[in-house]
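K.L.:
Have a look; sequence and predicted model below, questions after that.
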Amino acid sequence: MHKVFMSFHHKDQTYKDALIDLNERYPMFVDGSVDTGNVSDQLPDETIRQKIRDDYLRDTTVTMVLVGQGTKGRKHVDWEIYSSMYDGLKNKRSGILAVLLPGANPGNYYTVAHENEKSSLYPETANWTTVKSRAEYERRYPYLPDRIIDNLLNNEAKLSVVPWEKLDTNSLPMLINNAFEARTSNKYDLSRAMRRANT
């Protein structure tokens, strides 16, 4: 099983708790989540990144971003995503999986980065569309953090965006493993400055 860090806005705690409860009944991953809320935003970006990567994400290999309506503007979520994507000397980059919580997916969209997800999760979908513009991603995913959209547009990174309703004891291990397998080949776009304040 892979060690997973869950990044989320505290208002969405019930969804994290539901995943932990499901995982306790049907073990699918090792929970490596810890609270990064004590990291000061007065520190330089590199210090924040290093502290989160080395102290909080330490030995996790997959970061699951739980995306609710308030997630996009949270600085700690952005720091956790950035730190997860960073390939450090001590701790290597993680795979990323974005989960759209109820209310954060108004158009019922999803993005598949791995072929096995198509037939397993979306057998009803016959025609697939490739999205190539930021404007279209922002229209489809109005609550998705900007750094995730940066990397959906990045051909050198593979990350899936899945609706909450699609998570179960079959799909979740597959999605986590897909993110894990992609982590070493992903070349994430980290050009966006780290968020310094909540919006």
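P.N.:
Thanks, I have the structure now. All values derive from a computational prediction rather than experimental measurement.

K.L.:
Pick out the residue nearest the middle of the protein.
P.N.:
For the chain, Val65 is the residue whose C-alpha lies nearest the centre (CA atoms, centre = their mean; 3.3 Å).

K.L.:
helices and strands around the helix or strand that that one is a member of, which ones?
P.N.:
Using DSSP states H and E, Val65 falls within strand 62-67. If you count contacts as 3 or more CB pairs under 8 Å, 6 or more residues apart in numbering; DSSP states H and E, strand 62-67 packs onto strand 3-7, helix 13-25, helix 75-85, strand 95-100, helix 171-182. Every residue, glycine included, has its C-beta placed from N, CA and C.

K.L.:
The residue nearest to the centre of the chain touches Ile148, doesn't it?
P.N.:
Yes: contact between Val65 and Ile148 holds when scored by CB atoms under 8 Å: they sit 6.7 Å apart.

K.L.:
Now the lowest-mean-pLDDT helix or strand in the chain: buried residues?
P.N.:
Here the helix or strand of the chain ranked lowest by mean pLDDT, DSSP states H and E is helix 45-51, holding a mean of 85. Neighbour-count burial for helix 45-51, counted by 16 or more other CB atoms under 10 Å, picks out 48-51.

K.L.:
possible to save those as JSON lines with distance to Val99?
P.N.:
Putting the buried residues of helix 45-51 into JSON lines (distance: CB to CB, whole Å) gives the following:
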{"residue": "Ile48", "distance to Val99": "24"}
{"residue": "Arg49", "distance to Val99": "23"}
{"residue": "Gln50", "distance to Val99": "27"}
{"residue": "Lys51", "distance to Val99": "25"}
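
K.L.:
remind me which residues of this protein are low pLDDT?
P.N.:
The model of the chain has pLDDT under 70 over residues 37.

K.L.:
circling back to that earlier point, next, show the common contact partners of Val65 and Ile148.
P.N.:
81, 96, 98 (CB atoms under 8 Å, 6 or more residues apart in numbering).

K.L.:
residues contacting Ala113?
P.N.:
By CB under 8 Å, 6+ apart, the residues touching Ala113 are 158-160, 178, 182.

K.L.:
State the distance from it to Leu152.
P.N.:
9 Å (CB to CB, to the nearest Å).

K.L.:
cool, and Tyr56?
P.N.:
Between Tyr56 and Leu152 the computed distance is 25 Å (CB to CB).

K.L.:
and if you look at Lys187?
P.N.:
From Lys187 to Leu152 the distance is 14 Å (CB to CB).

K.L.:
Between these two, which is the more surrounded one?
P.N.:
Leu152 (22 against 13; other CB atoms under 10 Å).

K.L.:
I'd assumed Leu159 was in contact with that one.
P.N.:
Yes: shown here, Leu152 and Leu159 form a contact pair, counting by CB under 8 Å, at 7.0 Å.

K.L.:
one step back: quick check, nearest of the shared contacts of Val65 and Ile148 to Thr61?
P.N.:
Closest approach between the shared contacts of Val65 and Ile148 and Thr61, by CB to CB: Ile96, at 10.8 Å.

K.L.:
Quick check: bridge partners of the closest one?
P.N.:
Per DSSP bridges, the residues bridged to Ile96 are Thr63.

K.L.:
Cool, thanks, signing off.
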